[in-house]
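Colleague: Sharing a model that was predicted from the sequence below.
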Amino acid sequence: MSKELAKTYDPKDIEDRLYQKWEENKYFHAEADRSKKPFTIVMPPPNITGQLHMGHALDNTMQDI
């Protein structure tokens, strides 16, 4: 493997190509099946309290370091 990585990353080079592919494959088009109940989800999921979030953040940080 002699190919070097670029010193900088320009996401525009990648995004334009991917977006065109998504358009061509109709990834943005959804077919609704009206005979089925729609699936829904709350985004983001509700959070009980800020303290709970900070506790999870602390615990996950401690595991990482």
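Modeller: Looks like it came in fine. Residues are numbered from 1 along each chain as shown.
Colleague: what number of residues lie near K12?
Modeller: K12: 8 surrounding residues under other CB atoms under 10 Å. Where you see a C-beta, it was placed from the backbone N, CA and C, and this is true even at glycine.
Colleague: Same check on L5?
Modeller: Here the count is done by other CB under 10 Å, and L5 has 6 residues near it.
Colleague: Repeat that for I65.
Modeller: Counted with other CB under 10 Å, the neighbours of I65 add up to 4.
Colleague: Run through the residues that contact it.
Modeller: Not one residue lies near I65 by CB atoms under 8 Å, 6 or more residues apart in numbering.
Colleague: Let me know the average pLDDT across whichever strand or helix holds D13.
Modeller: Taking DSSP states H and E as the criterion, the element that holds D13 is helix 11-24. Averaged over helix 11-24, pLDDT sits at 93.
Colleague: so where's this protein shaky on pLDDT?
Modeller: Residue ranges of the chain with pLDDT under 70: 1-2, 44-51.
Colleague: ok, 80 please
Modeller: The chain contains residues with pLDDT under 80 at 1-2, 42-53.
Colleague: Mind jotting down where the strands sit in it?
Modeller: Counting by DSSP state E, the chain forms no strands at all.
Colleague: hey, C-alpha coordinates of the helix holding D13 in CSV?
Modeller: The C-alpha trace of helix 11-24 is given here as CSV (Å, rounded to 0.1, in the frame of the first residue of the first chain):
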residue,chain,number,x,y,z
PRO,A,11,-16.1,16.6,3.0
LYS,A,12,-17.5,18.4,-0.1
ASP,A,13,-15.6,15.9,-2.3
ILE,A,14,-17.3,12.9,-0.7
GLU,A,15,-20.7,14.4,0.1
ASP,A,16,-21.5,15.5,-3.5
ARG,A,17,-20.8,12.0,-4.8
LEU,A,18,-22.8,10.3,-2.1
TYR,A,19,-25.7,12.7,-2.4
GLN,A,20,-25.9,12.1,-6.1
LYS,A,21,-25.9,8.3,-5.5
TRP,A,22,-28.7,8.7,-2.9
GLU,A,23,-30.8,10.8,-5.3
GLU,A,24,-30.3,8.2,-8.1
